[in-house]
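Asker: Got a predicted structure here, sequence first:
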Amino acid sequence: MDVFVARQPIFDRNQQVVAYELLYRARDEKHADIHDPDRATTDVCINTFMDIGLDRVTGQRRAYINLTRPFLLGEYPLPFHQDSVTLEVLEDVIPDAEMVAALSTLAGQGYEIALDDFIYREELEPLLRIAHIVKLDIRQLDDDGLRQHVSLLRPFEVRLLAEKVETREEFAKCMELGFDLFQGYFFCEPAVLRGKQAVPSRLATMHLLHKLNAPEFKFDELAQTISTDATLAYKLLRYINSAYFGLRRKVESIRHALVLLGQKNIRIWLNLIALSQLQDKGHELMLTTLTRAKMCELVAVLLRQDAEKDKYFLVGLFSSIDAFVDMPLEEIIESISLADDIVAGITHHSGPLGQVLNMVLHAERGDWGKMDMLGLSAAQITDTYLQSITWAGEMTQLLGE
């Protein structure tokens, strides 16, 4: 069975990643009519854990997993340890005596229980007395409804997780209301803060300085190192696009930019960065961006676009550059001279580059129903995603992130 896998980070009040929600889907167009959705969902979960392995997807962090009724009632064994997962009870689970008893048993065994997409009803109170976490979808509740739910849940010993937080204002509001955990696109698409300096990773910069001082100056190795830090890449393109150089050619890859710049100017550029105030950007944002960039590149190869794979990588790398630079995406793109097809792919998700980026974003978020698979199989998409996660993890470890 072909299996899709995605992960979405869950953050604490300090904006640190504490867990991932794992999203699994099976796709077989020839057998789309599933008569037993509970059993199908359960089989997907079991097969995925056996075939892929939990550690490969989440590392050492906790995993949040949506489970159907048969799984919760013990019809199938749980293929993971209590310390590694949080069991999510879906909103359509019937809170009958059998379910209450099963969840109580799981909690007694040490499993953490979360109620997903929770909307308060009095009949759900037995579940609230067992659960450790309640997830509220802030898209389903207006301000009054959200405050009312927080008030209703205070008597219960549960932590509150805000789902689908997409703006800085929403994050601030949920912080004020006392939410403990947060999930959504806010951390990948933050609100605009104009005027803040784009700050690259200190360790990536030091690693690049080491490369520059090596006996043999190699453009390919430099390009690979710069590609591991979106802010370094942005600063490089800003530098090469300055009036000082007067270049009229549009950049198609990091390596292309380095060749245009030349060894002498690269040293000047990097020394300026090394002397500036360097700080580290969030590890998770860097990991997410590198995963996305690598998956765009791998998909390009599968689509027989090998000659253009650097363009696809750059589109993925710069797809969240506004999160690193804290400026509007359009303003950032205007300040650097990228090839027109790269700009279109990043800003409008148009053209072949944009189609691949759009597919990768859907895979990342678990929006499988909206995904254009571009003629690839489910297995190919899953494999490229897992390869990209592994590569991104190795690159950040190499740089000491």
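Answerer: Structure's in. What do you need?

Asker: can I see the domain layout of this structure?
Answerer: Per automatic domain parsing, the domain ranges recorded for the chain read 3-187, 202-275, 283-398.

Asker: Just say which of those is most tucked in.
Answerer: domain 283-398 (a mean of 19; mean count of other Cβ atoms under 10 Å). Just so you know, the C-beta spots here come from the backbone N, C-alpha and C atoms, and that holds for glycine as well.

Asker: ok now it, how far from the chain's centre?
Answerer: Distance, stretch centre to chain centre, for domain 283-398: 11 Å (Cα atoms, centre = their mean, to the nearest Å).

Asker: quick check: mean pLDDT across that domain?
Answerer: Confidence for domain 283-398, expressed as mean pLDDT, is 86.

Asker: cool, and stretch 240-251?
Answerer: Here the average pLDDT along stretch 240-251 is 61.

Asker: likewise stretch 145-165?
Answerer: In the prediction, stretch 145-165 has an average pLDDT of 94.

Asker: Pull the contacting residues for residue 98.
Answerer: residue 73 (Cβ atoms under 8 Å, 6 or more residues apart in numbering).

Asker: ok, it to residue 104 distance?
Answerer: To residue 104, residue 98 is 11 Å away according to Cβ to Cβ, to the nearest Å.

Asker: repeat for residue 288
Answerer: Taking Cβ to Cβ, one finds residue 288 at 36 Å from residue 104.

Asker: same check, this time on residue 338
Answerer: Note on residue 338: its distance to residue 104, by Cβ to Cβ, is 57 Å.

Asker: ok, now residue 287?
Answerer: 37 Å.

Asker: do residue 259 as well
Answerer: 65 Å.

Asker: elements contacting the one helix or strand residue 364 maps to?
Answerer: For residue 364, the host element (DSSP states H and E) is helix 351-365. Where contact means 3 or more Cβ pairs under 8 Å, 6 or more residues apart in numbering; DSSP states H and E, helix 351-365 is packed against strand 3-12, helix 283-302, helix 309-318, helix 340-348, helix 378-398.

Asker: which residue packs closest to residue 174, ignoring adjacent ones?
Answerer: Closest residue to residue 174 apart from its sequence neighbours, by Cβ to Cβ, 6 or more residues apart in numbering: residue 162 at 4.1 Å.

Asker: In contact with that neighbour, which residues?
Answerer: Counting by Cβ under 8 Å, 6+ apart, residue 162 touches 135-136, 138, 170-171, 174, 179, 181-184.

Asker: Export these to CSV and append columns for pLDDT, secondary structure and distance to residue 8.
Answerer: What follows is the contacts of residue 162, written out as CSV (pLDDT from 0 to 100; DSSP: H, G, I helix; E, B strand; the rest coil; distance: Cβ to Cβ, whole Å):
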residue, pLDDT, secondary structure, distance to residue 8
135, 96, strand, 12
136, 95, strand, 16
138, 92, coil, 15
170, 89, helix, 16
171, 88, helix, 15
174, 93, helix, 16
179, 95, coil, 16
181, 95, strand, 12
182, 93, strand, 11
183, 90, coil, 6
184, 85, coil, 8
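
Asker: would you list those in a markdown table and tack on distance to residue 109?
Answerer: Below are the contacts of residue 162 laid out as a markdown table (distance: Cβ to Cβ, whole Å):
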| residue | distance to residue 109 |
| --- | --- |
| 135 | 21 |
| 136 | 26 |
| 138 | 31 |
| 170 | 35 |
| 171 | 34 |
| 174 | 31 |
| 179 | 27 |
| 181 | 22 |
| 182 | 28 |
| 183 | 25 |
| 184 | 30 |
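
Asker: I appreciate the help and will end here.
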